[in-house]
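Here is my input; please provide its structure:
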Amino acid sequence: MMVSSEINKDLFLFYGVYDTKQLLINDLKLIPCIFENKHPWKREFQIYKTIYNLVSNSQENENNIIGLFSASFIERTGLNYQSVCKLIKENDADIFIFSPCQYNSLIFYNYWDQAEICHEGIRKEVKEIFSLNKSFPTIDFQSRTPKEQFSFCNFWAAKSEHFIKIVKNMISLDDLMIENNLGLKETFHRSPFEYSFNKSYKKTYKLFPFIIERYLSSTLMDIGNKILPKVFYWNDNRSPIEQVEEIEDLRESLKGPISRAKYYESQKTIFKNKRDFYEKVWLDEDFKKFDKVNSINGQMIDYLCELT
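Predicted structure coming up:
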């Protein structure tokens, strides 16, 4: 039997414990999930799997809310445990998304483009992986992702039925990637949220966790899914530029794209296609600035538009 919080007996919001020292300083009010960090490069997936094993055989109410957050949650969103509980309690939904860095939905046509510019080659791997199982979401790299479906961080919760279904598919995805040697290429990643307890596991990155953390968006964007879950998407009221991670020169490199994207949004501009979007929102000088922060393909607009 799981022990619920005093605030809401139906909420089971977890965080991963990488080091037992976290238990001494935990002020998150979340339920600690101690897991076997056997494959550090799999990152949060190991925590999802541990929670899945815990709740999938549980006799708890199917309307209970299961979720996973991280130690950086408060810093990245400005929210806390109480405010998250309040938002979940006040809103009727199947899935609750508390995604940070929402400025990305302004400056990228879809969530896979955002992934590609940060982790080169990820779209090609995803295309191959998702084709291996017909039950996986249908991926369309040319579709525009609405803000409320733009999620690439592990800050979400769902009714147990939906949580179990999504994580079960993540486990199938894991099996296929390992079996077919996909998603295992090393990739570059910069994050300002590095703590003493996870420094060692953040030294080497593979594409794997960045594919896994976008599976939720893939589910919500599935063009073959006739019955979509009801989603609550937390809206970050901070300005887009304030949402940008505090990585050296990143804010400066994104000022132009964010400013132009906000202008076109205010004008309710309808873009003809992906190329039209990028040619209006991004300039060559923006990509040059961004390249200093995160090395990218030189012909970025052509590169983002070429994979269909």
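
can you give me the helices for the stretch 1-150 of the chain?
If DSSP state H, counting those that start in this stretch is used as the criterion, the helices of the stretch 1-150 of the chain fall at 22-25, 45-55, 73-77, 81-90, 104-107, 111-118, 122-130.

With distance to Ile258, mean pLDDT and mean neighbour count as extra columns, can I get the ones you listed in CSV?
For glycine as for every other residue, the C-beta is placed from the backbone atoms N, C-alpha and C. What follows is these, written out as CSV (distance: least, CB to CB, whole Å; pLDDT from 0 to 100; neighbours: other CB atoms under 10 Å):
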stretch, distance to Ile258, mean pLDDT, mean neighbour count
helix 22-25, 34, 72, 11
helix 45-55, 31, 94, 19
helix 73-77, 18, 88, 19
helix 81-90, 25, 94, 16
helix 104-107, 6, 96, 22
helix 111-118, 13, 91, 22
helix 122-130, 23, 93, 18
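
Out of those helices, the one nearest Tyr278 is which?
helix 111-118 (8.5 Å; CB to CB).

Reformat the helices of the stretch 1-150 of the chain as TSV; add distance to Arg260.
TSV is the format used below for the helices of the stretch 1-150 of the chain (distance: least, CB to CB, whole Å):
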stretch	distance to Arg260
helix 22-25	41
helix 45-55	36
helix 73-77	25
helix 81-90	31
helix 104-107	9
helix 111-118	16
helix 122-130	24
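
what's the closest of those helices to Glu248?
Comparing those against Glu248 with CB to CB, the closest turns out to be helix 111-118 (15.7 Å).

picking up where we left off before, so which of the helices of the stretch 1-150 of the chain gets nearest Glu265?
Comparison of the helices of the stretch 1-150 of the chain against Glu265 by CB to CB identifies helix 104-107 as nearest, at 6.8 Å.

Does anything pack onto the closest one? Which helices or strands?
For helix 104-107, the elements it packs on are helix 111-118, helix 250-266, judged by 3 or more CB pairs under 8 Å, 6 or more residues apart in numbering; DSSP states H and E.

what does the first one rub up against?
I take that to be helix 111-118. Among residues not part of helix 111-118, those counted as contacts by CB atoms under 8 Å, 6 or more residues apart in numbering are 104-105, 108, 122-123, 126, 139, 141, 145, 149-152, 188-189, 210, 214, 217, 221, 274, 290, 294, 296, 300, 303-304.

where does the stretch 201-308 of the chain have low pLDDT?
Along the stretch 201-308 of the chain, the model assigns pLDDT under 70 to residues 201-203, 295-299, 307-308.

at 50 what do you get?
Residues of the stretch 201-308 of the chain that meet the criterion pLDDT under 50 lie in 308.

What are the boundaries of the strands in it?
Secondary structure of the stretch 201-308 of the chain by DSSP state E, counting those that start in this stretch: the strands cover 231-233.

hang on, the earlier thing: what subset of the contacts of helix 111-118 is buried?
Among those, those that count as buried by neighbour count (16 or more other CB atoms under 10 Å) are 104-105, 108, 122-123, 126, 139, 141, 145, 149-152, 210, 214, 217, 221, 274, 290, 294, 296, 300, 303-304.

So what does Val244 have for phi and psi?
phi -70, psi 140 (degrees, to the nearest 10).

same question, Lys185
Main-chain dihedrals, Lys185, degrees, to the nearest 10: phi -70, psi 140.

which residue packs closest to it, ignoring adjacent ones?
Spatial nearest neighbour of Lys185, excluding adjacent residues (CB to CB, 6 or more residues apart in numbering): Leu207 at 5.3 Å.

That neighbour contacts Arg123, correct?
No. Checked against CB atoms under 8 Å, the pair Leu207 and Arg123 is beyond contact range at 10.2 Å.
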